[in-house]
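Trainee: Just to be clear, the model below is a prediction. Sequence and coordinates:
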Amino acid sequence: MNNVKAFIMFFTSISVTFYIFTFLTVMMLFLLLERRLPLKPLFGYSLAVMVVFYILMFTGRGFNINFLWNLSFYLAVLVMYVFFISVTLKLVNLGIQLTPQTNIIIMTITIAAVFIYGFINAGSLTNKKIEIMSGKISRPYKFVQISDVHLGTESLNFLEKIIGEINKIGPEAVFITGDFIDDHKLKPGELKIMRKLNAPAYFITGNHERYSNFSDDFFKDCNVVKVLDHYRRQDDFNEEITVYGIEWNRHNMMNSRSEQEVYFDSISVDSSKFNIFLNHEPELYDRAEKEGMDLMLSGHTHRGQIFPFWFFVRARYKFIYGLYDIGRMKLYTTSGTGVWGPFMRVGSSNEIVEIDLIPEK
């Protein structure tokens, strides 16, 4: 019952927010066209846009029509950019008076350029390199983190491209920090491609694995992948390094607290070793540092994925992207290796993170 109530509250708040934003967008667009629109049609146009949005979303999701599902997101992005460009052009018009036709031409070209750039950027990969020094290791190590691949939005061909780039780096291990799978029709056998990895991998679930048909044996045909979950919470990589992983928000039937909340009660951390903690969301960092973790790796935020969504994500997460110092622990939140929803990236990049651990002299 609580879940139903939470969903209703969430859906209502999203609907109200989207409607208000759409209303302001339609109003700004007509102001830019120097056309007066009575209040009643203004409400009507805004409602029509929102209805189309939900028809596309629910039809696409309900009937597994990915084109319609994705189209709903593109519509939301389009509304957002029409609003911001309308406001910008209206400010420009305070100093340079442009004709309504010129304003529309500028807006159309700008939106087209942003969408084209976003499509191209969403299919690219960048190599992000970070260095971390520690007195707990006797030799250098090279690892790779990938996160938020979103197979479903992204193709298996894109995954093969990712694997090729990882093999070029030549890490000793790969950390997959959730939202790897985003397609309930994906079969475990299709992930045999992971065998092409030249290094072992550690995997934890994200929220999208919970939304898909992911099961604990999904990687049974990929002997290079170790799943860290409620059965295996930690693994000794070697005598110097231990890897810990928490699955996303699994409910603990024996306890009223979530699996994430009780996780640290069930592990034993050797503070003399270099301890790596994998958590899909950049949360629990204070507890992780207190328990003796040295490096925490997270994803989930996508760094906003499409500007200016960064502001909304930043309002939810304190550590949205990059390398942070949390006491004695380092936290790295990646922008993700793939995209979700609209196949676009504006103001962020798909990245493969190369992590170099260096002994302190």
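Mentor: Nice, thanks for sending it over.

Trainee: Quick one: residues in contact with the helix or strand encompassing residue 108.
Mentor: Element membership for residue 108 (DSSP states H and E) is helix 100-122. Contact partners of helix 100-122, identified using C-beta atoms under 8 Å, 6 or more residues apart in numbering, comprise 32-35, 78, 81-82, 85-86, 89, 93, 98, 306, 339, 342-346, 349-350. C-betas here are computed from N, CA, C, even on glycine.

Trainee: and those residues, which of them are in helices?
Mentor: Mapping the contacts of helix 100-122 onto helices (DSSP state H) picks out 32, 78, 81-82, 85-86, 89, 93.

Trainee: how much does the host helix or strand of residue 163 deviate in direction from helix 100-122?
Mentor: For residue 163, the host element (DSSP H and E) is helix 156-169. Going by axes from the mean of the first three to the mean of the last three C-alpha atoms, to 10 degrees, helix 156-169 is angled at 60 degrees with respect to helix 100-122.

Trainee: average model confidence for the very next helix or strand once past helix 156-169?
Mentor: Tracing the chain past helix 156-169, the next element assigned as helix or strand by DSSP H and E is strand 173-177. For strand 173-177, mean pLDDT is 97.

Trainee: partners of whichever helix or strand comes after strand 173-177 in the sheet?
Mentor: Per DSSP H and E, the first helix or strand lying C-terminal to strand 173-177 is strand 201-204. Partners of strand 201-204 in the sheet, by DSSP bridges, are strand 173-177 (parallel), strand 225-227 (parallel).

Trainee: Which positions in the longest one come out as buried?
Mentor: This means strand 173-177. 173-177 (16 or more other C-beta atoms under 10 Å).

Trainee: Same question for stretch 64-75.
Mentor: For stretch 64-75, by 16+ other C-beta under 10 Å, it's 68-75.

Trainee: And stretch 197-209, by the same measure?
Mentor: Across stretch 197-209, burial judged by 16+ other C-beta under 10 Å covers 197, 199, 201-206, 208-209.

Trainee: and the two most separated of the residues you listed?
Mentor: 199 and 208 (23.9 Å; C-beta to C-beta).

Trainee: can you map out the strands along the chain?
Mentor: 126-134, 141-146, 173-177, 201-204, 225-227, 234-236, 241-246, 274-279, 295-298, 322-326, 329-333, 351-359 (DSSP state E).

Trainee: tilt between the last one and strand 274-279?
Mentor: Using the same axes, to 10 degrees, the inter-axis angle of strand 351-359 relative to strand 274-279 is 160 degrees.

Trainee: Tell me which residues are up against strand 351-359.
Mentor: Contacts of strand 351-359 (C-beta under 8 Å, 6+ apart): 125-135, 137-146, 162, 165-166, 169, 171, 274, 295, 297, 332, 334-337.
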